[in-house]
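*Asks:* how does the following fold in three dimensions:
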Amino acid sequence: MEPVLKDTVALVTGASSGIGAATASVLAAQGAAVALAARRKDRLDALAAEIRGRGGTALVIESDVTDQGQAAGAVERTVAELGRLDTLINNAGVMLLGPAVGAPLSEWQRMVDLNVLGLLYCAHAALPHLLQAAQDAPRQVADMVNISSVAGRVARNGNGVYALTKFGIGAFSESLRQEVAGRYVRVCLVEPGATATELASHNRPEILEGIRSQFGQRMQAEDIADAICYVVTRPRHVAVNEMLIRPTEQVR
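*Replies:* I've put the predicted structure just below:
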């Protein structure tokens, strides 16, 4: 049996670690040529070598998607060098927690720039290509998967701006889903709970200490990648619009 994503092309942002890297690997295993976009080129090169070593196709794109030109350039380079774009995984993001009172404004700006604007820049550039892919062989369907969070459903003390960005992703995803569903571009919102990635490590030391005491059981990046793979490998007539995933023991 041929891999489900054979002859398709996927672009994964934030592909240098965590969920992005794991997702790129699993999509490549399903036959997709994968474009790997992130700022840390050394990490991308290592991941691309692993994918190629297993017989896959990988394109390294050093890119900061908070810059509109670089985000659009990542999409255009994917299409130019790999021939098309069938799947966009909007994974790049940052989580900076802590009280709103006295918070560094730069942290709020950073989250809005990456979690919201970066995603929008990539989505805007990719949509014409996804719509085109949905009209063409091989699968006549295209996918945009936007990575949100449990925080996109419930705001908690200390995550106000992070939650704001993730609630916004949810609103955009649902509106876009309604707009392009009839043209066979599927839009899915994936909302992970506690996951063992580098995401929390970007917080200030005093915030990070509090985060560590809150986390119990955590999922692995591969768990989320497996869910994303399920979403994008459904048959053309099936769309998974939203997926909330928590560790079994996570209550909130």
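
*Asks:* how many residues are close by Pro205?
*Replies:* Pro205 is flanked by 6 other residues according to other C-beta atoms under 10 Å. For the C-beta atoms, the positions are set from N, CA and C on the backbone; glycine is no exception.

*Asks:* what's the pLDDT at it?
*Replies:* If you check Pro205, the pLDDT there is 72.

*Asks:* same thing with Glu209?
*Replies:* So, for Glu209, pLDDT stands at 63.

*Asks:* do a quick rundown of the helices in the stretch 51-200 of the chain.
*Replies:* With helices called from DSSP state H, counting those that start in this stretch, the stretch 51-200 of the chain shows them at 68-82, 105-111, 119-135, 160-180.

*Asks:* check which helices and strands the longest one sits against.
*Replies:* Read that as helix 160-180. For helix 160-180, the contact count by 3 or more C-beta pairs under 8 Å, 6 or more residues apart in numbering; DSSP states H and E identifies helix 105-111, helix 119-135, strand 142-147, strand 185-192 as packing neighbours.

*Asks:* give me the contact list for that helix.
*Replies:* 93, 95-97, 100, 103, 107-108, 111-112, 115-116, 119-120, 123, 127, 130-131, 144, 146, 148-149, 151-156, 186-189, 191, 239, 241 (C-beta atoms under 8 Å, 6 or more residues apart in numbering).

*Asks:* re earlier: the helices of the stretch 51-200 of the chain into JSON lines, with extra columns for distance to Asp45?
*Replies:* Formatted as JSON lines, the helices of the stretch 51-200 of the chain follow (distance: least, C-beta to C-beta, whole Å):
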{"stretch": "helix 68-82", "distance to Asp45": "16"}
{"stretch": "helix 105-111", "distance to Asp45": "25"}
{"stretch": "helix 119-135", "distance to Asp45": "21"}
{"stretch": "helix 160-180", "distance to Asp45": "29"}
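
*Asks:* to Ile228, which of the ones you listed lies closest?
*Replies:* With C-beta to C-beta, the closest approach to Ile228 among those belongs to helix 160-180: 14.0 Å.

*Asks:* quick one: Val112 and Asp223, what's the gap?
*Replies:* 28 Å (C-beta to C-beta, to the nearest Å).

*Asks:* residue contacts, Asp45?
*Replies:* Taking C-beta under 8 Å, 6+ apart, one finds Val60 in contact with Asp45.

*Asks:* cutoff 10 Å now
*Replies:* Ser16, Leu36, Ala58, Val60, Glu62 (C-beta atoms under 10 Å, 6 or more residues apart in numbering).

*Asks:* farthest-apart pair in these, please.
*Replies:* Ala58 and Glu62 (13.4 Å).

*Asks:* hey, what's in contact with both of these two?
*Replies:* With C-beta under 10 Å, 6+ apart as the test, Ala58 and Glu62 both reach Leu36, Leu44, Asp45.

*Asks:* got CSV for those, with pLDDT, distance to Leu164 and secondary structure too?
*Replies:* Formatted as CSV, the shared contacts of Ala58 and Glu62 follow (pLDDT from 0 to 100; distance: C-beta to C-beta, whole Å; DSSP: H, G, I helix; E, B strand; the rest coil):
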residue, pLDDT, distance to Leu164, secondary structure
Leu36, 98, 28, strand
Leu44, 98, 29, helix
Asp45, 98, 35, helix
